[in-house]
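Asker: Quick one: sequence and predicted model below, then my questions.
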Amino acid sequence: MPPLTPEAVVSVSTAGFVTVIGFCFSINPATLVVMNEIAQKFMGRWRISHMDMWEQKHVDLVVPGFIRFDGDDSEMRFIAVREWLDVRYSHANGFPQAEFIWQGLDERDNRCGRGSATIVQPGRIMGHFSSHMGDDSS
């Protein structure tokens, strides 16, 4: 993917003064098409069928464990954890990958962390997540 290029966002007054408001990034439209193709491969609800740290009966305690990729409304649920995801899509070692940061609740306590999921074969993803100052599981 080509690098993002910073561009200053400016406001020009009628007197000709320029005020820098902030920065944004421009991206090649072709890159967006590739990113959208990768995102489409992840779209939908994926069942969590195994986690290293917990037995399946615990993963499915409140609802059957899942991760759902759906644009701005992505989420993950397992045990008593509900997480909302901010996802970025790319390729890693030739495989489609979704990397995310998450914020959510664990038995009503605020939590946050990061994670990733990789499509290892059609219909199957493998992932990893970690909680800030907490658990870490695949």
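Answerer: Sure, I can see it. Treat the numbers as computed from the prediction; the structure is a model and nothing was measured.
Asker: I figured R82 hits L105, correct?
Answerer: Yes - between R82 and L105 a contact is recorded at 5.3 Å, counting by CB atoms under 8 Å. All C-beta atoms are positioned from the backbone trio N, CA, C, and that covers glycine.
Asker: Tell me which strands the helix or strand hosting W84 pairs with, and in which orientation.
Answerer: In this assignment (DSSP states H and E), W84 forms part of strand 81-92. Strand 81-92 sits in its sheet next to strand 74-78 (antiparallel), strand 95-106 (antiparallel), going by DSSP bridges.
Asker: Which one, of those strands, ends up nearest to V87?
Answerer: strand 95-106 (4.4 Å; CB to CB).
Asker: contact partners of the following helix or strand past that closest one?
Answerer: Next in sequence after strand 95-106, counting helices and strands by DSSP H and E, comes strand 109-121. If you take CB atoms under 8 Å, 6 or more residues apart in numbering as the criterion, strand 109-121 is touched by 41-42, 46, 67, 76, 81, 83, 85, 92, 95-105, 125-132, 134.
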